[in-house]
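In: Provided below for reference: sequence and predicted model.
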Amino acid sequence: MTKRAATGALIGLALGDALGFPTEFNDVPSILAKTGPWREMQLPHPAIVTDDTQMTLALARGMRTATERGPIGPLRLARPVREEFVDWYHSPENNRAPGNTCLKACSLLNLPERDWRDASQVG
Ligand SMILES: [Mg+2]
């Protein structure tokens, strides 16, 4: 994937997320009543993305950092992605109803004594 394709994918993700944010956690009949035909939906003002986009952008930043350091692989990826997720975890923007699993995982990533290379510490 080229940088342009990645940027386009992330913009598409953010726009779709912002369109869906006002109806997050609604059922389909409620969504249809609220929005009407999806092709005619307007972007809300302000357009607010959810934790899903925030965490995807954190992952993308971590991947970009890892890529800048050489060929990408699990060992090169782990540290920058971990740092980005921990930064997001502490961010004041982390206020968009993130799931408990994400919060728990990021809180564990935040613990320096939990070395990601030791699989026995997972769980
Ligand atoms: Mg979410």
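Out: It's in. Residues are numbered from 1 along each chain as shown.
In: ok, Trp88 to Met55 distance?
Out: Here the criterion is C-beta to C-beta, to the nearest Å. By it, Trp88 lies 6 Å from Met55. Bear in mind the C-beta positions are built from the backbone N, C-alpha and C, glycine included.
In: ok, now Arg4?
Out: Between Arg4 and Met55 the distance is 22 Å, computed by C-beta to C-beta.
In: and the two? Which one has more around it.
Out: Set side by side, Arg4 and Met55 show unequal neighbour counts under other C-beta atoms under 10 Å, the larger going to Met55 at 20 against 8.
In: so what pLDDT did the more buried one get?
Out: Model confidence at Met55, expressed as pLDDT, equals 97.
In: show me the domain layout of the protein.
Out: Listed domain ranges for the chain are 1-48, 50-123 (source: automatic domain parsing).
In: out of those domains, which one sits most buried?
Out: Neighbour counts (mean count of other C-beta atoms under 10 Å) averaged over each of these peak at domain 50-123, with a mean of 14.
In: would you mind measuring from the residue of the chain most remote from its centre to the ion?
Out: Ranking residues of the chain by C-alpha distance from their mean position (C-alpha atoms, centre = their mean) puts Ala33 at the top, at 27.9 Å. Distance from Ala33 to the ion, counting by C-beta to the ion, to the nearest Å: 22 Å.
In: middle-most residue in the protein, spatially?
Out: When the chain is reduced to its mean C-alpha position, the nearest residue by C-alpha atoms, centre = their mean turns out to be Met55, at 1.8 Å.
In: what residues does this protein put near the ion?
Out: Taking C-beta under 5 Å from the ion as the test, the list of the chain residues beside the ion reads Thr50, Asp51, Asp52.
In: mind listing what Ala6 touches?
Out: Taking C-beta atoms under 8 Å, 6 or more residues apart in numbering as the contact definition, Ala6 lies against Ala60.
In: now do the contacts for Pro80.
Out: The neighbourhood of Pro80, defined by C-beta under 8 Å, 6+ apart, consists of Arg61, Gly62, Met63, Thr65, Ala66, Arg69.
In: verify the contact between the fifth one and Pro74 for me.
Out: No - with contacts counted by C-beta atoms under 8 Å, Ala66 stays clear of Pro74, the gap being 9.7 Å.
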